[in-house]
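>>> sequence and predicted structure, then a few things I'm wondering about:
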Amino acid sequence: MADQEIEEAVSRALEDAPPRKFRESVDLAINLRDLDLNEPSNRVDESIVLPAGTGQETRIAVFAEGETAIRAEDVADEVLSGDDLEDLGDDDDQAKDLADETDFFIAEQAMMQDVARNLGTVLGPRGKMPDPLAPDDDVVEVVSRMKNSVQLRSGDRRTFHALVGAEDMSAADIADNIDVILRRLHADLEKGPQNIDSVFVKTTMGPAVEVA
């Protein structure tokens, strides 16, 4: 259960957002302090499963062969074989389009080296190298979990953003998502909460409301 103050901030952000003709996302803006972000080890870069889901369509592509590929067809947005991977390696524009349209990639462990060789220069800089799928991993379970995941990535910037929901989700659900993100940051940052300067929540076009 999220902190009451977080839920109140989310409620204000949702209430203050002017009506739009499209379904807005709800985002978190996180401002860091007292960290040398030129040092890669200090940067935030991880995926987090949101307890209430993202409220958005998350596109997942899987590199797999055989039985794993067949099972992935039911849950992934795109399943790519070794031959597909070779083709992408020869077509830079198509590879970039796939990378830009896809939120997360998964690859069977046996294909990871081929992915790195063919797509490393495209996926690497975008922070989208695949998560490896071990032989005993259930691809359906992994994809389903990723559908509810968001990527936290600060890069070398003090301020970064994270998707925490959609405007038609309840304030309580969005607050639970924010709570999970903040707890993870508090655990992972060198000085915990002291490395967070401020946190704001807002809809796509709405005003920002301070959370912490």
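That came in fine, so what should we check first? Numbering: from 1, shown residues only.
>>> tell me the mean pLDDT for stretch 96-116?
For stretch 96-116, mean pLDDT is 95.
>>> contact partners of it?
47, 58-65, 68, 72, 76-78, 82, 85-86, 88, 119, 122-123, 126, 128-135, 139, 142-143, 146, 149, 151 (CB atoms under 8 Å, 6 or more residues apart in numbering). (Each C-beta comes from the backbone N, C-alpha and C, glycine too.)
>>> low pLDDT regions in this structure?
Applying pLDDT under 70 to the chain flags residues 1-2.
>>> where exactly do the strands run in it?
25-32, 45-49, 60-63, 78-80, 104-108, 131-133, 149-153, 159-166, 196-203, 209-210 (DSSP state E).
>>> quick one: residues in contact with the first one.
Outside of strand 25-32, the residues that reach it under the criterion CB under 8 Å, 6+ apart are 10, 13-14, 44, 55-56, 154, 158-167, 169, 174, 178, 181, 185, 189, 195-204, 208, 211.
>>> list the buried ones in the longest helix along the chain?
Of all the segments of type helix in the chain, defined by DSSP state H, the longest one is helix 171-188. For helix 171-188, a neighbour-count test (16 or more other CB atoms under 10 Å) marks 171, 173-182, 185 as buried.
>>> one more: stretch 106-113?
106-108, 111-112.
>>> quick one: these as CSV, columns for distance to residue 27 too.
Shown next, in CSV, are the buried residues of stretch 106-113 (distance: CB to CB, whole Å):
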residue, distance to residue 27
106, 25
107, 29
108, 33
111, 33
112, 31
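>>> so the longest helix of the chain versus strand 25-32, what angle?
30 degrees (axes from the mean of the first three to the mean of the last three CA atoms, to 10 degrees).
>>> report the buried members of the contacts of strand 25-32.
10, 13-14, 44, 55, 154, 160-167, 169, 174, 178, 181, 185, 189, 195-196, 199-203, 208, 211.
>>> report the distance from stretch 43-56 to the chain centre.
The chain centroid and the centroid of stretch 43-56 are separated by 5 Å, computed with CA atoms, centre = their mean, to the nearest Å.
>>> now do the same end-to-end measure for that stretch.
26 Å (CA to CA, to the nearest Å).
>>> use 381 as the first number from now on
Fine by me, first position is 381 from now on; the one you just mentioned is stretch 423-436.
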